[in-house]
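In: Just need the structure, nothing else, for what follows:
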Amino acid sequence: LSRQKRSSITRSDTFFFGMSLVAVILWLVVDQPLLSVVIVSCIDILAFVPTFRKSWSRPDQETVSAYAVNSLRFSLATMAVQHYSLVTVLYPLSQAIADGAFALFLVLRRRNLANR
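Out: Just a heads-up that it's a prediction; the model follows:
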């Protein structure tokens, strides 16, 4: 990595990356579907933290429509599940909520910064 890119990586970025790696290892070792889905969902939420942190100061660097479309996509995927259980809906539902909340966050943060 270039010096500039390395300087933008914070301790919290490294921490959440490490936690994601631990979660992946647990996911590979665990032989229980529900626990695996919980772990994978947590990995994705942990991976969101550096993006959220960066977007707090630079919300213009993320595309709102991409997160909104992903939220819609995961919502439709949740509704398309044939047999509803925590195992089948936890991941797409958590992604729909996270992406939708992040899109809303971006819109509100951009407005807030524009009004300053």
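
In: quick one: Ser65 from Val49, how far?
Out: Separation of Ser65 from Val49 (CB to CB, to the nearest Å): 22 Å. C-betas here are computed from N, CA, C, even on glycine.

In: More neighbours: those two, which one.
Out: Per other CB atoms under 10 Å, whichever of Ser65 and Val49 has more neighbours is Val49, with 16 against 9.

In: Now name the helix or strand holding that one.
Out: Using DSSP states H and E, Val49 sits in helix 33-57.

In: do the same with Leu113
Out: In this assignment (DSSP H and E), Leu113 forms part of helix 86-114.

In: the inter-axis angle of that helix versus helix 33-57?
Out: In terms of direction (axes from the mean of the first three to the mean of the last three CA atoms, to 10 degrees), helix 86-114 departs from helix 33-57 by 10 degrees.

In: Just the buried positions in helix 86-114, please.
Out: Within helix 86-114, the residues that count as buried by 16 or more other CB atoms under 10 Å are 87, 89-96, 98-100, 102-103, 105-106, 109.

In: other SSEs contacting it?
Out: Judged by 3 or more CB pairs under 8 Å, 6 or more residues apart in numbering; DSSP states H and E, the packing partners of helix 86-114 are helix 33-57, helix 64-80.
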